[in-house]
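[1] Provide a 3D model corresponding to the input given below.
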Amino acid sequence: MDNGLWWKRQAKSSEQRTTPEKVVSSEQRAMSNINICRENTDPFYRYKMPAIQSKTEGRGNGIKTAVMNTAEVARALGRPPAYIIKYFGFELGAQTSINESTDRYLVNGVHDSNKLQDTLDGFINKFVLCGSCKNPETDIIITKDGNLIRDCKACGQRTDIDPRHKLASYILKNPPESAKSSKKKKAATASANVVGGGVSISDLASGKKKESSSNGNENENDEGADSDDDALTRKINAEASNLPDAQPIADDDWAVDVSEEAVRRRAQELENLNLNDQKSEFDQLGEWLLESEDKDDLPSDVEIYKKAVDLDIVDDEKTVQVLAQVLFDEDIVDEIEQHQGLLSKLITSPAHEKAFLGGLERFLGLDHPELLPQISKVLLKVYESDLASEAVIIDWGSKISKKYVSKDISKKVKKAAKPFVKWLEEAEEESDDE
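    Now for the predicted structure:
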């Protein structure tokens with residue numbers, strides 16, 4: 001045979017034999033890793049996982065689907081392989097077989113790779129991705145009350161896992177290694193061995209040193225001195241020896257004074273704090289309205305209502321008490337009618353009605369005592385505008401109170417209002433007689 005022809009045939013045969021293998025290998029490499037969050041189509045997305053590879057085994061009623069790379073997928077997701085297979089079983093309504101020692105994971109029935117991959121997306125969304133930032137860098141934490149939480153290492157958020165899913169119950173019975181070891185880690189921090197010989201930080205602070213072994217290991221400890229007594233350990237020992245002794249704390253220092261006077265004082269301080277917090281909001285409303293020197297330049301009723309909403313005091317009866325003091329001037333009788341719409345919207349209960357009358361008591365008794373002779377007209381307009389009921393006006397006018405003004409001022413206001421209150425009482429009696 002011609003050596004040249006033989007060489008050409010050999011080269012052609014080699015090319016035919018190797019080229020398809022290279023093409024398949026290249027495609028496999030291209031398809032080997034996919035985005036963990038497949039909704040993210042960014043080709044440079046850093047979180048990748050192997051695509052699901054499956055193989056059908058058996059025939060008839062015993063046919064099964066083997067998930068060939070379960071361990072690799074689970075490693076990429078940071079979850080135990082059993083969680084993935086159990087999730088497949090719950091979602092597909094199939095029995096599963098899990099053998100971690102032989103790395104063999106089976107799902108009963110025929111399930112192609114695409115179907116399993118789509119099902120895996122559900123597992124990732126529910127048990128892997130952070131509910132806040134959709135990042136897969138999460139750990140499953142089991143809380144004291146038996147809830148499952150995804151603890152995100154990227155954004156720091158902790159989001160709940162739906163406890164109604166069957167896999168949630170399986171996870172509670174078979175917690176991940178991170179949850180199992182968390183208690184060990186907690187026990188191995190504050191009181192753990194920090195210098196390699198059973199001496200904790202608290203022991204160092206109290207002056208306790210590493211005890212030599214009684215089983216003849218002193219030479220062994222001497223040989224390991226370079227590793228144990230390194231620079232960091234020596235620094236810890238030196239600083240710990242300089243720590244001052246802890247001062248004993250008397251039990252009385254922690255005691256709370258529960259005497260009647262102390263309790264009353266704390267209650268008064270708390271009440272004053274709450275009143276001051278509210279007062280600032282009502283002061284803002286009053287000062288905002290008083291910025292207008294002329295009553296004609298006051299904000300509109302709509303603007304006043306919006307301001308009360310912004311201050312979050314629209315439902316508080318003190319709001320109408322403030323308005324009763326700043327909305328009006330000597331033309332109060334006409335101005336009540338002008339602001340009837342706003343006041344009707346804000347006065348929604350007997351408490352609001354009493355507060356409004358209290359504001360008028362301050363307006364007439366303190367700011368404009370010259371208007372006291374007109375108080376019957378003012379109260380009539382309030383009554384006709386349905387801003388205060390007959391019963392509330394009678395109750396207010398029949399009692400001297402220092403709730404809004406001093407008793408002396410209250411007495412003067414109620415005396416001036418007595419004719420109108422008496423008229424209301426007589427009208428009520430006539431109505432009852434009829």
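[2] Show me what the helix or strand containing Thr56 is packed up against.
    Thr56 is part of strand 54-57 when elements are defined by DSSP states H and E. Contact here means 3 or more CB pairs under 8 Å, 6 or more residues apart in numbering; DSSP states H and E; on that basis strand 54-57 packs against strand 64-67. Bear in mind the C-beta positions are built from the backbone N, C-alpha and C, glycine included.
[3] Give the residue spans of the chain that score low on pLDDT.
    For the chain, residues meeting the criterion pLDDT under 70 lie at 1-31, 178-235, 239-258, 268-280, 292-296, 430-434.
[4] How is it partitioned into domains?
    48-178, 285-433 (automatic domain parsing).
[5] got the contact list for stretch 373-381?
    Here stretch 373-381 makes contact (CB atoms under 8 Å, 6 or more residues apart in numbering) with 332-333, 336-337, 360, 364, 371, 393, 397, 413, 416-417, 419-421.
[6] List just the nearest of these to Pro176.
    For the contacts of stretch 373-381, the residue nearest Pro176 by CB to CB is Leu360; the value is 68.6 Å.
[7] would JSON lines of the domains of the chain with mean neighbour count and distance to Ile36 be doable?
    Shown next, in JSON lines, are those (neighbours: other CB atoms under 10 Å; distance: least, CB to CB, whole Å):
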{"stretch": "domain 48-178", "mean neighbour count": "16", "distance to Ile36": "5"}
{"stretch": "domain 285-433", "mean neighbour count": "16", "distance to Ile36": "44"}
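[8] could I get those domains as a markdown table with distance to Asp42?
    Converted to a markdown table, those look like this (distance: least, CB to CB, whole Å):
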| stretch | distance to Asp42 |
| --- | --- |
| domain 48-178 | 11 |
| domain 285-433 | 43 |
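[9] wait, is Ala154 part of a strand?
    No - with DSSP: H, G, I helix; E, B strand; the rest coil as the criterion, Ala154 is coil rather than part of a strand.
[10] for the nearest residue to it once chain neighbours are set aside, what are its contacts?
    Once flanking residues are discounted, Ala154 sits nearest to Asn135: 4.0 Å by CB to CB, 6 or more residues apart in numbering. Residues near Asn135 by CB under 8 Å, 6+ apart: 47, 129, 152-155.
[11] so which of these comes closest to Lys64?
    Closest to Lys64, out of all of those and judged by CB to CB, is Leu129, at 29.3 Å.
[12] Give me the three-state assignment for the closest one.
    Leu129 ends up coil, using three-state DSSP.
[13] need the contact list for the nearest residue to it once chain neighbours are set aside.
    Nearest-residue entry for Leu129: Pro136, 5.6 Å, with adjacent residues in sequence omitted and distances by CB to CB, 6+ apart. Contact analysis of Pro136 by CB under 8 Å, 6+ apart lists 36-37, 47, 77-78, 124, 128-130.
[14] go with 6 Å
    Counting by CB atoms under 6 Å, 6 or more residues apart in numbering, Pro136 makes contact with 36, 47, 128-129.
[15] Just send those residues back as CSV, with distance to Ile171 too.
    Listed next are the contacts of Pro136 as CSV, based on distance: CB to CB, whole Å:
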residue, distance to Ile171
Ile36, 19
Tyr47, 22
Val128, 12
Leu129, 16
